[in-house]
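# The sequence isn't on hand, but the structure is:
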């Protein structure tokens, strides 16, 4: 099992100890460092800034939102980071949700699967640099010939020669159709709120994608990177309680009414009644009660918290269920080092 450090996205200010964590991850055997974005900090700049002092870890976006940049612009970011890091970039992409896409980026959210497919195709054309980039699709037309066009657009190849044409592209996906498409067109899947207990369900969705004509990879060379809080502790109850506020936020407040993909994940795990309670309480502004309504079992399903033996046992379960990489958020260097020691990452 590989382990990556998940930096996430910033709150009101940059995390004060991020550089320390990144360097410790590079030193003690973590496989990668990943950064995210929502509607504040971006995913690429932290990797370039803090990652510039690393020598070994992969530098990945988890995730970069496809509505934030045109696919050609995103490919420029990726190949620039790949050159600067000596071929260590991982490009993680995701559609986000309608509130962010339409409310923050001013882009339409409809048809996210089709938009993603076109987006990935354009990025791969840029990275391949075999011919001027064209796309005749509906969502990312190149050259652009829609409303406002003056008809002078020219198909172009990137001036810079990409370091790797096969720079890995991972997709964040949550529903069955999206996961199946990810298996078909991507190199890896970024799974959020993954639970080994429903691993067979995910394997069915993935199998559908791998079976499609022209699928890029097989199950054997496809990477599943799952976000998972890993805490080595003798007080698991207290540590799980610390995760409930963020879990309640994602279930109750990080999606539009009737379209919350995170809430659907927990419903598929069998927590439908609790999800309804959290959503209702969150919508009524009763956030403390919403946090209290998150079941202990739901947190335990999607995290690994306990003593060293328990952590090793649970990591083995996640690996057996198909996960190749755990993306772990660490609040300090001590937590990061404890994960490394227990899982023998530096060996």
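In hand now; what should we look at? Since this is a predicted model, take the numbers as computed values, not measurements. Residues are numbered from 1 along each chain as shown.
# which residues does residue 299 contact?
Contact partners of residue 299, counting by Cβ atoms under 8 Å, 6 or more residues apart in numbering, are 240, 243, 244, 247. For glycine as for every other residue, the C-beta is placed from the backbone atoms N, C-alpha and C.
# how about the helix or strand encompassing the third one: buried residues?
When secondary structure is defined by DSSP states H and E, residue 244 falls within helix 236-252. Buried residues in helix 236-252, counted by 16 or more other Cβ atoms under 10 Å: 236, 239, 240, 243, 244, 246, 247, 248, 249, 250, 251, 252.
# can you check stretch 259-271 too?
260, 261, 262, 263, 264, 265, 266, 267, 268, 269, 270, 271.
# Distance from the chain centre to that stretch, please.
17 Å (Cα atoms, centre = their mean, to the nearest Å).
# Show residues contacting stretch 282-293.
244, 245, 248, 249, 251, 252, 253, 257, 274, 277, 278, 281.
# quick one: contacts for the most centrally placed residue in the chain?
The chain has residue 62 as the residue nearest its centroid, 3.5 Å off, counting by Cα atoms, centre = their mean. When contacts are counted by Cβ under 8 Å, 6+ apart, residue 62 touches 4, 6, 34-36, 43, 92, 170, 172, 190, 225, 227, 327.
# out of the buried residues of helix 236-252, which one sits closest to residue 185?
Of all the buried residues of helix 236-252, the one sitting nearest residue 185 is residue 250; the distance, using Cβ to Cβ, is 26.0 Å.
# Surely that closest one and residue 262 touch.
Yes: using Cβ atoms under 8 Å, residue 250 is in contact with residue 262, at 4.3 Å.
# Is residue 240 in contact with residue 304, as I believe?
No: contact between residue 240 and residue 304 fails when scored by Cβ under 8 Å: they sit 10.6 Å apart.
# circling back: and for the spatially closest residue to the residue nearest to the centre of the chain that is not a sequence neighbour, the neighbour number?
Take residue 62 and drop its neighbours on the chain: the residue closest to it by Cβ to Cβ, 6 or more residues apart in numbering is residue 34, 3.8 Å away. Neighbour count of residue 34, defined by other Cβ atoms under 10 Å: 29.
# just residue 65 next, same as before
So residue 65, with other Cβ under 10 Å, has 25 neighbours.
# Please apply the same query to residue 312.
Using other Cβ under 10 Å: residue 312 sits among 16 other residues.
# Which strand or helix spans it?
helix 308-320.
# Strand partners (parallel or antiparallel) of the next helix or strand after that helix?
Downstream of helix 308-320, the first helix or strand assigned by DSSP H and E is strand 325-328. Applying DSSP bridges, strand 325-328 is found paired with strand 2-8 (parallel), strand 223-227 (parallel).
# Let me see the domain layout of this protein.
2-230+306-342, 234-305 (automatic domain parsing).
# Could you save those domains as JSON lines and add columns showing mean pLDDT?
Below are the domains of the chain laid out as JSON lines (pLDDT from 0 to 100):
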{"stretch": "domain 2-230+306-342", "mean pLDDT": "97"}
{"stretch": "domain 234-305", "mean pLDDT": "89"}
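# So the residue nearest to residue 100 when sequence neighbours are not counted, which state does it fall into?
With sequence-adjacent residues excluded and distances taken as Cβ to Cβ, 6+ apart, residue 100 is closest to residue 39, at 5.9 Å. Secondary structure assignment for residue 39 (DSSP: H, G, I helix; E, B strand; the rest coil): coil.
# so residue 39 makes contact with residue 104?
Yes: Residue 39 is within contact range of residue 104, at 4.6 Å (criterion: Cβ under 8 Å).
# can you redo the buried residues of helix 236-252 as CSV with distance to residue 206?
Shown next, in CSV, are these (distance: Cβ to Cβ, whole Å):
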residue, distance to residue 206
236, 31
239, 31
240, 29
243, 27
244, 30
246, 27
247, 25
248, 29
249, 28
250, 23
251, 24
252, 29
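# now, which of these sits nearest residue 108?
Relative to residue 108, the closest of these is residue 250; by Cβ to Cβ it sits at 23.7 Å.
# which residues touch that closest one?
Each residue near residue 250 by Cβ under 8 Å, 6+ apart is listed here: 193, 262, 263.
# Distance to residue 146 and secondary structure added to the residues you listed, as a markdown table?
Converted to a markdown table, the contacts of residue 250 look like this (distance: Cβ to Cβ, whole Å; DSSP: H, G, I helix; E, B strand; the rest coil):
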| residue | distance to residue 146 | secondary structure |
| --- | --- | --- |
| 193 | 37 | coil |
| 262 | 33 | helix |
| 263 | 35 | helix |
